[in-house]
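Student: Give me coordinates for this.
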Amino acid sequence: MAQALLAAIYVMASVATVLGLHILGLAQWRIAATIGVVILLGLAQMHGLIRGRSENRRTRREIVELKRAAREFARTIDETQTRIEKVRISIEGRASAQNQKIVSELQVLESVMRDFAGKISQTAKEQPLPAEAAERRPSTSVRAELAAFGHSDLLETIRTSLEENRVDVYLQPTVSLPQRKLRFYEALSRLRAEDGTVIMPSQYIRVAAPAGLMSVVDNLLLFRCVQIMRRLIQKSRDIGLFCNISGDTLADAEFFPQFLEYMHHNRDLAPQIVFEFAQGAVLNAGAKGHENLIDLSSLGFGLSMDHVETLAFDFARLKALGFRHIKVRADTLTQGMGGAPAAAAAEDLKRLLERHGLNLIAERVEEEKTVGQLLDLGVDFAQGFLFGEPRAVRDDHKSLPDITAPIIPFRRAANH
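Tutor: A predicted model of the protein is given here:
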């Protein structure tokens, strides 16, 4: 608008100059021209002044707008920070409450199990073992080992280990082939005598099972697995955990319903936790045991079978029970299936299992040459001392394995 006004003034000035020339006559045209020039210069100065004021007003408006936008931006940042702080406090509060709930629950349950272990072991000491249990007493060599660390009675050693919470969890990696990328850990339980000597499952199961203590051992392992898995998923949700459960626990009418209820409350871990059962326990579980397996798998947890002695059984039925994985000894696969008779040759076993939705995992891999043989058979997963020994996990977070570390071959072949 200011520019239009100035243009009009220029036109009027020009007209005035022409009229002045006409009135004054040509004789005085120089005077008129001078007047016109003065007028034009004055108008130019007025134009600059008006334009400068217009630009100043526009600049002031822009500055006002920028200040207003800055205030809005600052207010938005403050509101966002306030919301973030509320979300952080809320998340930390829920996480803290959940962790406290888990810790408290574990402490109560472990206390109950210690009392249960004491009652069961006391009953076992007061009553003679049945004939089938007597046949499973510790061998002379095992008794000699126990006597060496100051215990003559294996049952008493097991009882005190449970009561004093000397049950350790060891983790052994399972990797994908050929990349050797960590996919799972298998959780293994070990008992410790008072002097720190480790008691292996092959030693304590033969006495703990007849005395009814395997449910206690499995209880402790189960709760530790839940704790460990909750710590592992803080680093990655791509790592699973195999948790071993005994056949005695599977058939325990008192414990298994409590087990299912506990896992129902922890079903958010279903994608990561796989429960593992020996083949003999599954085949001898009966209708009630199979019902328990189906109930467990219906919560979303995967099932795995190990200690396979025969592969000539109904894989479709195994899948229906909720099984997703089968672990077979590497030497069974590489030596003509002599260790576990099967309806298919080793080179066809993986495809047969895949048709029934089952993964084949080769276990007890101890030599590099075995890896090449397994790859020729199409095996995708492997576990064994070649990829890592079982490592103890204590109660502190620092003892957890580094799941980002590469799997380095373990050169020394060792016995399981």
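
Student: need the strands for the stretch 101-250 of the chain, in chain order.
Tutor: 167-176, 181-192, 198-199, 240-244 (DSSP state E, counting those that start in this stretch).

Student: List the buried residues in the second one.
Tutor: Buried positions in strand 181-192, judged by neighbour count with 16 or more other Cβ atoms under 10 Å: 182, 183, 184, 185, 186, 187, 188, 189, 190, 191, 192. Any C-beta I mention is one placed from the backbone N, CA and C, and that applies to glycine too.

Student: Quickly list what the third one is bridged to.
Tutor: According to DSSP bridges, the partner residues bridging residue 184 are residue 174, residue 240.

Student: do the same with the last one
Tutor: Each beta-bridge partner of residue 192 is listed here: residue 198, as defined by DSSP bridges.

Student: residue contacts, it?
Tutor: 161, 166, 167, 168, 198, 199 (Cβ atoms under 8 Å, 6 or more residues apart in numbering).

Student: Just the buried subset of the residues you listed, written out for ChimeraX, thanks.
Tutor: Here is the ChimeraX command that selects the buried residues among the contacts of residue 192 (16+ other Cβ under 10 Å):
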select :161,166,167,168,199
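
Student: Residue 63: which of the contacts of residue 192 is nearest?
Tutor: Nearest to residue 63 among the contacts of residue 192, counting by Cβ to Cβ, is residue 168 at 70.8 Å.

Student: For that closest one, which residues are in contact?
Tutor: 189, 190, 191, 192, 198, 392, 393, 394.

Student: between those residues, which is closest to residue 69?
Tutor: residue 393 (55.3 Å).

Student: now the strand or helix carrying residue 54: mean pLDDT?
Tutor: Using DSSP states H and E, residue 54 maps to helix 29-126. Per-residue pLDDT over helix 29-126 has a mean of 67.

Student: now, which of the contacts of residue 192 sits nearest residue 76?
Tutor: Among these, and counting by Cβ to Cβ, the member closest to residue 76 is residue 168, at 53.3 Å.

Student: residues near the closest residue to residue 383 other than its chain neighbours, how many?
Tutor: Spatial nearest neighbour of residue 383, excluding adjacent residues (Cβ to Cβ, 6 or more residues apart in numbering): residue 174 at 4.2 Å. Residues lying near residue 174 (other Cβ atoms under 10 Å) number 26.

Student: now swap in residue 337 and tell me
Tutor: Residue 337 has 19 neighbouring residues, counting by other Cβ under 10 Å.

Student: Quick check: phi and psi at it.
Tutor: When read as degrees, to the nearest 10, the backbone of residue 337 gives phi 60, psi 20.

Student: pretty sure it is touching residue 310, no?
Tutor: No - with contacts counted by Cβ atoms under 8 Å, residue 337 stays clear of residue 310, the gap being 9.9 Å.

Student: Hmm, residue 171 and residue 391 touching each other?
Tutor: Yes - if you go by Cβ under 8 Å, residue 391 and residue 171 touch, sitting 5.7 Å apart.

Student: More neighbours: the two, which one.
Tutor: Using other Cβ under 10 Å, the more surrounded residue of residue 391 and residue 171 is residue 171, with 23 against 15.

Student: For the nearest residue to the more buried one once chain neighbours are set aside, give me the pLDDT.
Tutor: Distances taken as Cβ to Cβ, 6+ apart put residue 185 closest to residue 171, at 4.2 Å, once the chain neighbours are dropped. Listed pLDDT for residue 185 reads 96.

Student: Residue 344 versus residue 185, what's the distance?
Tutor: Distance, residue 185 to residue 344, by Cβ to Cβ, to the nearest Å: 29 Å.

Student: which regions of the protein sit below the pLDDT cut-off?
Tutor: Low-confidence segments of the chain, defined by pLDDT under 70: 1-52, 92-152, 395-416.

Student: the domain parsing of it - what is it?
Tutor: 2-73, 128-399 (automatic domain parsing).

Student: Most tightly packed of these?
Tutor: Ranked by mean neighbour count under mean count of other Cβ atoms under 10 Å, the domains of the chain are led by domain 128-399, which reaches a mean of 17.

Student: Run through the bridge partners of residue 274.
Tutor: residue 242, residue 302.

Student: Hmm, it is touching residue 326, no?
Tutor: No - counting by Cβ under 8 Å, residue 274 stays clear of residue 326, with 11.7 Å between them.

Student: circling back: of all the domains of the chain, which one is nearest residue 90?
Tutor: Proximity to residue 90 (Cβ to Cβ) singles out domain 128-399 among those, at 18.0 Å.

Student: What residue, apart from its backbone neighbours, is nearest residue 300 spatially?
Tutor: Leaving aside its sequence neighbours, residue 300 sits nearest to residue 270 (Cβ to Cβ, 6+ apart; 3.2 Å).

Student: before we move on, the earlier item: with distance to residue 89 as new columns, can the domains of the chain be given to me in a markdown table?
Tutor: Formatted as a markdown table, those follow (distance: least, Cβ to Cβ, whole Å):
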| stretch | distance to residue 89 |
| --- | --- |
| domain 2-73 | 25 |
| domain 128-399 | 19 |
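
Student: Quick one: residues contacting the residue nearest to residue 300.
Tutor: Applying Cβ under 8 Å, 6+ apart to residue 270 gives the contacts 299, 300, 301, 302.

Student: Kindly indicate which of those residues lies nearest residue 373.
Tutor: Among the contacts of residue 270, residue 302 lies closest to residue 373 (Cβ to Cβ), at 26.8 Å.

Student: my guess is the closest one contacts residue 324, does it?
Tutor: Yes - the criterion here is Cβ under 8 Å, and residue 302 meets it with residue 324 at 4.3 Å.

Student: Name the residues contacting each of the two.
Tutor: Common contact partners of residue 302 and residue 324 (Cβ under 8 Å, 6+ apart): residue 274.

Student: quick one on the thing from earlier: let's have the strands of the stretch 101-250 of the chain in TSV, adding distance to residue 85.
Tutor: Formatted as TSV, the strands of the stretch 101-250 of the chain follow (distance: least, Cβ to Cβ, whole Å):
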stretch	distance to residue 85
strand 167-176	37
strand 181-192	36
strand 198-199	48
strand 240-244	35
